[in-house]
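**Student:** output the structure for:
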Amino acid sequence: MEISLDLLLPRDAASVPATRRLLDAALTALGVENHIRDDIEMMLTEACTNVIKHAEHGADYTVRATIQDRRCVIKVIDSGAGFDAGRVPRPELSAEHGRGLLIMYSLADDVRFHSFPEDGALVSLEKRLSYGEDSLGTLLTSENRVPVMADDDPEADPEADPEADPEREEFATRLFELARAGKTGQLIDYVEAGAPVNLCDGKGDTLLMLAAYHGHPDTVRALAARGADPERANDRGQRPLAGAVYKKEPGVVRALLDAGADPRAGSPSAADTARMFGNSEFLAWFDEAVPPPA
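**Tutor:** You can find the predicted model right below:
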């Protein structure tokens, strides 16, 4: 399941409640639990208000919200002058300023800042979703979790779910195989025909994750260009960029960075992984200090 909202809004305080209502309507229809919706409403309010107050050179801003299974990502993008994202500190409880940042850090599961000098900035907020019993969200999410036998797990049982649709399972398995093999043209034909670009297998590995892990930068670029999320972690918390660093795939690493993947996100992050294996080339790409030789 994937639902996206992409709103271009005037930098005006009246845009904030309208944006809240639109996103909350989607979350309510899916049956997202009330306390999660309340957190998302407050996160979104603070992020939008921050843009309205501080992006002085931009006439408008964009709110991009994506609901993917049990995950909601909100990106607020302004068109101001930008800032040094590396200098955004985590606010202290006793600080007189930075209340909005503190709220975002407190309520979101992940907060990231990106800046584009002279061309604006982006705040990305991630929140895990939980749905009520028998809700639409629960139904749609369960239908998009496809049990398949992974090529690295000989003991996996593709028939472990007796409710699985054999034809749907076979189709999904075909897509995962195309991603692993780097069959970009065939895979993209299916995506453009309506296959979910962020389809994931029983371990939470997306098509982009599989293409990245198996060393196919062209497939990664093609999927990202069609909306695949380069930051989406699998069920073990692993992210595509960290996996590409671990596999020493520079073409994939560059493709993911170009798609907006954050080398400092996740645990271990891509930067942590590069540091662990002493990969100075990747660390330089990540603007990380290269450790001295042993």
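**Student:** show me the domain layout of the protein.
**Tutor:** Listed by automatic domain parsing, the domain ranges of the chain are 2-128, 147-285.
**Student:** rank these by pLDDT, which is bottom?
**Tutor:** Between these, the lowest average pLDDT goes to domain 2-128, which shows a mean of 79.
**Student:** name the stretch among the domains of the chain that sits most buried.
**Tutor:** Stretch with highest mean neighbour count among those: domain 147-285 (a mean of 19; mean count of other Cβ atoms under 10 Å). (Glycine included, C-beta is placed from N, CA and C.)
**Student:** residues contacting Leu8?
**Tutor:** By Cβ atoms under 8 Å, 6 or more residues apart in numbering, the residues touching Leu8 are 60-62.
**Student:** ok, so of those, who is nearest Met104?
**Tutor:** Proximity of those to Met104 (Cβ to Cβ) peaks at Tyr61, which lies at 15.8 Å.
**Student:** wait, that closest one sits on Lys75?
**Tutor:** No: the criterion here is Cβ atoms under 8 Å, and Tyr61 misses it with Lys75 at 10.6 Å.
**Student:** for Lys248, which non-adjacent residue is closest in space?
**Tutor:** Leaving aside its chain neighbours, Lys248 sits nearest to Asn279 (7.2 Å; criterion: Cβ to Cβ, 6 or more residues apart in numbering).
**Student:** can you give me the strands for the stretch 1-150 of the chain?
**Tutor:** Secondary structure of the stretch 1-150 of the chain by DSSP state E, counting those that start in this stretch: the strands cover 2-10, 60-68, 71-78, 110-115, 121-128, 145-146.
**Student:** put together TSV for those, with distance to Val16 on each row.
**Tutor:** Below are the strands of the stretch 1-150 of the chain laid out as TSV (distance: least, Cβ to Cβ, whole Å):
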stretch	distance to Val16
strand 2-10	9
strand 60-68	10
strand 71-78	11
strand 110-115	19
strand 121-128	14
strand 145-146	34
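**Student:** between those, which gets nearest to Ala284?
**Tutor:** For Ala284, the closest of those is strand 110-115, at 18.9 Å, according to Cβ to Cβ.
**Student:** what is that closest one packed up against?
**Tutor:** When contacts are defined as 3 or more Cβ pairs under 8 Å, 6 or more residues apart in numbering; DSSP states H and E, strand 110-115 packs onto strand 121-128.
**Student:** starting at the chain centroid, how far to the strand it packs on?
**Tutor:** Offset of strand 121-128 from its chain centre (Cα atoms, centre = their mean, to the nearest Å): 9 Å.
**Student:** direction included, what does it pair up with?
**Tutor:** Paired with strand 121-128 in the same sheet, following DSSP bridges, are strand 71-78 (antiparallel), strand 110-115 (antiparallel).
**Student:** quick check: Leu27 touching Asp39?
**Tutor:** No: assessed by Cβ under 8 Å, Leu27 is found out of contact with Asp39, at 10.7 Å.
**Student:** the stretch 101-250 of the chain: helices as residue ranges?
**Tutor:** Counting by DSSP state H, counting those that start in this stretch, the segments of the stretch 101-250 of the chain that form helices are 136-143, 166-181, 184-192, 207-213, 217-225, 240-246, 250-258.
**Student:** quote the end-to-end distance of stretch 191-199.
**Tutor:** One end of stretch 191-199 to the other measures 10 Å (Cα to Cα, to the nearest Å).
**Student:** got a list of contacts for that stretch?
**Tutor:** So stretch 191-199 is in contact with 1-2, 68, 144, 146, 172, 175, 206-208, 223, 226-229, 232, going by Cβ under 8 Å, 6+ apart.
**Student:** nice, that's everything, thank you.
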